[in-house]
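Engineer: Provided below are the primary sequence and the corresponding predicted coordinates.
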Amino acid sequence: MGAFSITGNLIDVHQKKIYPAEIIVENGKIKSIKETHNSELITQNYILPGFIDAHIHIESSMLVPSEFARLAVVHGTVATVSDPHEIANVCGMKGVEFMIANGKTVPFKFHFGAPSCVPATNFETAGAVLDSNDVKKLLQSDDIYYLSEMMNFPGVLNEEEEVMKKISAAHHLLKPVDGHAPGLTGDDAKKDIAAGITTDHECFTREEALDKLQNGMKVIIREGSAAKNFEALIDLLHEYPNQMMFCSDDKHPDSLVKGHINQLCARAVAKGIDLFKILQAACINPVHHYNMKVGLLNEGDAADVIVVKDLKTFEVLQTYIDGRLVAENGESKIESVKTGTINRFDCDPIERDDLYVPRPAKQQIQVIEALDGQLITNKYSQDVERLTEEDESELAGNINIDILKIVVVNRYIHSKVVVSFIKNFGLKSGALASSVAHDSHNIVAVGVNDESIRDAVNMIIEHRGGVSFVSDDTEMIVPLPVAGLMSDEDGYKIAEQYSLIDKAVKYAGSQLSAPFMTLSFMALLVIPHLKLSDLGLFDGDRFELLK
């Protein structure tokens, strides 16, 4: 690779300076940085370190890593801290190995972790188990940079043997441990931190985040397709610039096409936060915390550099990774790579009778209340008489009060379909279903009637994974043959297909900003308050299945 130069106004985050400069790049590294006195550069572009997503499940983009990279570099993202937890719950160690191998086929810096909670709980059926010996083996690999989010924070607080073995293995290898403790504060948060948990991306109130920051934890501000915590937490960056990072956690393909971490930088600037503090969180802190192999715009560093049009919109003009131009003027220069598939899908189609719910003896039932922009749900009590058919023998959804059936179908073995009720999906017709259902990735569906739910679920089973929508005059599916989580097709094509199915669900009445993403979290038991697994309705506060 020959030598070339990049000129413009250099943002020196370390020295908190902006000055006209010429960067000489040779053999993929920054050979020199020279301040110039060329006044013409003052009106030109700005040179920054590359952006980093400090916590993301690549699988949630519905794209394999190589396709994710093609889309992300357009927005100046050069690296991710990636938890392959989703595919590990389906395919185990082979799933993690697939992600690492595929990520290496493109010029992008994926930094994968060892999934700490496979399965996430014992109250659901997953496709695989990774015990402490498996986790230790993964951590010993140079391709694994950290222990992924320890979602079993009750296990940390109770010092469960398997949990502590996983944390100890990471500490022994000097690799950081990510946390996941929504709502945890006070003495319990202190105990979590004392056990060696270093980060949390689940804070949804300023008070919770402040408590964790004050006790030495690093807080990652999350703004994904469903969970949006930026507004609640961003003001803390004024005071804690060295302890904060940005992430998307889960980001659907249509959202990734529009922007990534660059959007959060633009929003932070608009709120009057100091530029250098913003870039500290977006570019610098993740590299230091996770010991990432990413250059930080110093002489001798890898030339992981982006050029932006201005410091308000952060519109990315060029992205370089290891000195290679990977995106320019909104177009990716990374070529698509043909990939194989890996999957596990072993259930039979369901029948309408599988969705029958007899009227219970009690007068009220517990209903999941979905919340737009949040992973948490509320518990909602509903009078049974509002959910009965004319013969009063069966419970059914009622669109007039926006309470619909929700079902979870075990995709790993043929077993009884679990049915409950959910509020706030807003559908007036049809049903949507998905094999992306955190964390065990069974099939989850919500619909206005049993026929639509059956048909939406069976489309998923027929294609061995995907997201589907069915109504009287519509049948749509985005197939996801890689673990039932990702497509092996062109990322922009999948983004377009997903956008169309998303619009169809909203046209059918849903007011949720990301209905499929919200649906995918209704089976996530480790986020309170009420969720549904293939084993039944789950109380996330008491951490037990409801009888």
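Structural biologist: That came through fine. Numbers count the residues shown, from 1 in each chain.

Engineer: any idea how far Ile278 is from Phe246?
Structural biologist: Going from Ile278 to Phe246 by C-beta to C-beta, to the nearest Å gives 9 Å. All C-beta atoms are positioned from the backbone trio N, CA, C, and that covers glycine.

Engineer: again, but for Leu530
Structural biologist: For Leu530, the distance to Phe246 (C-beta to C-beta) stands at 30 Å.

Engineer: more crowded one of these two?
Structural biologist: Taking other C-beta atoms under 10 Å, Leu530 and Phe246 do not tie; Phe246 has more neighbours (30 against 23).

Engineer: Could you measure from Tyr146 over to Leu500?
Structural biologist: Per C-beta to C-beta, Tyr146 is found 37 Å from Leu500.

Engineer: More neighbours: those two, which one.
Structural biologist: Remark: of Tyr146 and Leu500, Tyr146 carries more neighbours, 25 against 13, as counted by other C-beta under 10 Å.

Engineer: beta partners of that one?
Structural biologist: Following DSSP bridges, Tyr146 is listed with bridge partners Gly113.

Engineer: tell me the contacts of it?
Structural biologist: Counting by C-beta atoms under 8 Å, 6 or more residues apart in numbering, Tyr146 makes contact with 81, 111, 113-114, 170, 175-178, 290.

Engineer: Which of those residues fall in helices?
Structural biologist: 170, 290 (DSSP state H).

Engineer: which one of the contacts of Tyr146 has the most neighbours?
Structural biologist: When neighbours are counted by other C-beta under 10 Å, Ala114 leads the contacts of Tyr146 with 31 neighbours.

Engineer: so where's the stretch 351-500 of the chain uncertain?
Structural biologist: Residues of the stretch 351-500 of the chain meeting the criterion pLDDT under 70: 389-391.

Engineer: burial of the nearest residue to Asn410 once chain neighbours are set aside, as a residue count?
Structural biologist: Distances taken as C-beta to C-beta, 6 or more residues apart in numbering put Asp534 closest to Asn410, at 4.2 Å, once the chain neighbours are dropped. Other residues near Asp534 come to 25 when the count uses other C-beta under 10 Å.

Engineer: Surely Asp534 touches Ser440?
Structural biologist: Yes. Taking contacts as C-beta atoms under 8 Å, Asp534 lies within contact range of Ser440: 7.3 Å.

Engineer: any residues in contact with both of those two?
Structural biologist: Counting by C-beta under 8 Å, 6+ apart, the common neighbours of Asp534 and Ser440 are 124-125, 523.

Engineer: Kindly list the main-chain dihedrals of the residue nearest the centre of the chain?
Structural biologist: Compute the mean C-alpha point of the chain, and by C-alpha atoms, centre = their mean the closest residue is Asp250, 1.9 Å away. Dihedral pair for Asp250: phi -130, psi 120, per degrees, to the nearest 10.

Engineer: Check the gap between it and Gln263 for me.
Structural biologist: Taking C-beta to C-beta, one finds Asp250 at 15 Å from Gln263.

Engineer: Check Ser520 too.
Structural biologist: Distance from Ser520 to Gln263, by C-beta to C-beta: 22 Å.

Engineer: which of the two has more neighbours?
Structural biologist: Taking other C-beta under 10 Å, Ser520 and Gln263 do not tie; Ser520 has more neighbours (27 against 19).

Engineer: for the residue nearest to the more buried one when sequence neighbours are not counted, what are its contacts?
Structural biologist: Of all residues not flanking Ser520 in the chain, Val436 sits nearest, at 4.7 Å (C-beta to C-beta, 6+ apart). Going by C-beta under 8 Å, 6+ apart, Val436 touches 59-60, 62, 86, 467, 480, 484-485, 516, 520.

Engineer: next SSE after the helix or strand that contains Ala495?
Structural biologist: Taking DSSP states H and E as the definition, one finds Ala495 inside helix 491-507. Of the helices and strands lying after helix 491-507 in sequence (DSSP H and E), the nearest is helix 515-520.

Engineer: Val367 pairs with what?
Structural biologist: Applying DSSP bridges to Val367 gives these bridge partners: Tyr380.

Engineer: Let me know how buried it is, in neighbour terms.
Structural biologist: Using other C-beta under 10 Å, the number of residues around Val367 comes to 23.

Engineer: My guess is it contacts Tyr380. True?
Structural biologist: Yes. Under the criterion of C-beta under 8 Å, Val367 makes contact with Tyr380 at 4.2 Å.

Engineer: and for the two, which residues touch both?
Structural biologist: Common contacts of Val367 and Tyr380 (C-beta under 8 Å, 6+ apart): Lys423.

Engineer: that older thread, determine the three-state secondary structure at the residue nearest to Ser520.
Structural biologist: coil (DSSP: H, G, I helix; E, B strand; the rest coil).

Engineer: Report the separation between it and Lys29.
Structural biologist: Distance, Val436 to Lys29, using C-beta to C-beta: 39 Å.

Engineer: hang on, the earlier thing: tell me which of the contacts of Val436 is nearest to His37?
Structural biologist: Proximity of those to His37 (C-beta to C-beta) peaks at Ser60, which lies at 47.4 Å.

Engineer: if I pick the closest residue to that closest one other than its chain neighbours, what's in contact with it?
Structural biologist: Distance criterion C-beta to C-beta, 6+ apart; nearest residue to Ser60, sequence neighbours excluded, is Asp250 at 3.7 Å. By C-beta under 8 Å, 6+ apart, Asp250 lies in contact with 56-57, 60, 224-227, 438, 517, 520.

Engineer: would you list the residues you listed in TSV and tack on distance to Gly540?
Structural biologist: Below are the contacts of Asp250 laid out as TSV (distance: C-beta to C-beta, whole Å):
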residue	distance to Gly540
Ile56	23
His57	20
Ser60	20
Gly224	19
Ser225	21
Ala226	17
Ala227	15
His438	13
Met517	19
Ser520	16
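
Engineer: Could you turn the buried ones of those residues into a PyMOL selection?
Structural biologist: Selection of buried members from the contacts of Asp250 for PyMOL, criterion 16 or more other C-beta atoms under 10 Å:
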select buried, resi 56+57+60+224+225+226+227+438+517+520
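
Engineer: Among the contacts of Asp250, name the ones in helices.
Structural biologist: Those of these lying in helices (DSSP H): 517, 520.

Engineer: So which of the contacts of Asp250 is the closest to Pro286?
Structural biologist: Closest approach between the contacts of Asp250 and Pro286, by C-beta to C-beta: Ile56, at 11.1 Å.

Engineer: partner residues bridging the closest one?
Structural biologist: On the basis of DSSP bridges, Ile56 is bridged to Ser82, Asp249.

Engineer: which residues sit in contact with it?
Structural biologist: By C-beta under 8 Å, 6+ apart, the residues touching Ile56 are 80-83, 247-251.

Engineer: Could you find the lowest-pLDDT member of the residues you listed?
Structural biologist: Within the set of those, pLDDT is lowest for Asp250 (89).

Engineer: where do the strands sit along the stretch 401-547 of the chain?
Structural biologist: Using DSSP state E, counting those that start in this stretch, the strands of the stretch 401-547 of the chain run over 403-409, 418-423, 431-434, 443-447, 466-471, 474-479, 530-533, 536-539, 544-545.

Engineer: Done for today, thanks.
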